[in-house]
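From the sequence below, what's the structure:
(one chain, ligands or ions: 1)
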Amino acid sequence: MPVSVKICGLTEPLSLHAAVAGGARYVGFVFYPPSPRSIAPSMAAELARLVPTGVRTVGLFVDPENDFLEHVVSQVPFDLIQLHGKETPRRIAEVKAAFNIPVMKAIKVGGPEDLAAALEAAEVADRLLFDAKPPAKVSALPGGNGIAFDWTLLAGRSWPKPWMLSGGLKPENAAEAVRTTGATALDVSSGVEDRPGHKDPELIRRFLDSVAGL
Ligand SMILES: O=C(O)c1ccccc1NCC(=O)[C@H](O)[C@H](O)COP(=O)(O)O
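Below you'll find the model as predicted:
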C-alpha cells in the first residue's frame, strides 16, 4: 500500500504548493497560539482554497473549547480535526458530535505504558496519530518537537482505527520508520523546516520522494 503523507504546520502558499505537488495526501494547519506554526483562521482559509480535491485538510487543536473550534471551523473547511492535547474519549466524542467532522486523536508515546490510551481513544476517534511524548521542560510544545519515540513499540501491532506515525520524521529516516512500524501514513512538521515554523519546499519534496516508492 502506498504511504500517505501529511505535511503539518503549513503557513504559506509556497510550502502548500510543494506539499501538493509532491503528492501529500493531507495538509495540516496549527491553531495553537504558542506554536511558531500557529496560523490565523483567515490565512488558513486562503490556503485551504488552494488545496485540490483529493488532498485532505486537517485542523490541529490542543484542548480547544467549543467556542474556539466554532470560530475556526466556520472559516476553514476541514476534512479532519486533529486533537493534540489531553482530550479524553468523552471530549473526543463531544467534538465529533458538535462539529460533525472526523477526529484524529494524537497519542503521545514515551514507552509501552502509553499505548493503552490508543485503544481507549480508538473507541470514539476516527483515526489515531502516534507522536513522541514531549520533553518534560515547561516550554515544550505538546507536539511538533522534532523528536522520535522508539518505533519498535509499534512493530507488529495492529489498531482498530487507521493510524499515522509522527514525531521526529525527516527525509533521512522516513523509509526506515515505515519499515520498522508498518505505518501506511506519516505526519511530519519540523523535519521539513529550515527554521522553527518555516517549511522548506525542498525538504518537503525530499520527504515525499523518500517514501514514494515504498
Ligand atoms: O507543530 C506544532 O507546533 C504543534 C503544536 C502543538 C501541538 C502539536 C503540534 N504539532 C504536531 C505535529 O505537527 C505533528 O502532528 C507531529 O507532532 C509531528 O511533529 P514533528 O516531530 O515536528 O515532525
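
Over to stretch 92-108 now: how far is its first residue from its last?
Distance between the two ends of stretch 92-108: 16 Å, counting by Cα to Cα, to the nearest Å.

Give me the buried positions along that stretch.
Within stretch 92-108, the residues that count as buried by 16 or more other Cβ atoms under 10 Å are I92, V95, K96, F99, I101, V103, M104, K105, A106, I107, K108. C-betas here are computed from N, CA, C, even on glycine.

Need those residues in CSV (columns: pLDDT, secondary structure and distance to A18).
Putting these into CSV (pLDDT from 0 to 100; DSSP: H, G, I helix; E, B strand; the rest coil; distance: Cβ to Cβ, whole Å) gives the following:
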residue, pLDDT, secondary structure, distance to A18
I92, 98, helix, 32
V95, 98, helix, 30
K96, 97, helix, 31
F99, 98, helix, 29
I101, 98, coil, 26
V103, 98, strand, 27
M104, 98, strand, 23
K105, 98, strand, 28
A106, 98, strand, 24
I107, 98, strand, 28
K108, 97, strand, 28
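
Show me the two of those that sit farthest apart.
F99 and K108 (23.0 Å; Cβ to Cβ).

hey, what's T57 bridged with?
On the basis of DSSP bridges, T57 takes part in beta bridges with V27.

I'd say it and V73 touch.
No: here T57 lies out of contact with V73, judged by Cβ atoms under 8 Å, at a distance of 11.1 Å.

got a pLDDT number for whichever residue of the chain sits closest to the ligand?
At 2.3 Å from the ligand, G144 is the closest residue in the chain, using Cβ to the nearest ligand atom. Note on G144: pLDDT of 90.

for P135, same thing?
At P135, pLDDT is 85.

The one 3 residues further on now?
Confidence per residue is given as pLDDT, and for V138 that number is 67.

burial count for the residue of the chain closest to the ligand?
28 (other Cβ atoms under 10 Å).

now swap in P2 and tell me
P2: 12 neighbours (other Cβ under 10 Å).

Same question for K6.
25.

which non-adjacent residue is nearest A121?
Of all residues not flanking A121 in the chain, K105 sits nearest, at 4.2 Å (Cβ to Cβ, 6 or more residues apart in numbering).

so the one you found makes contact with L83?
Yes: K105 is in contact with L83 according to Cβ under 8 Å; the separation is 5.3 Å.
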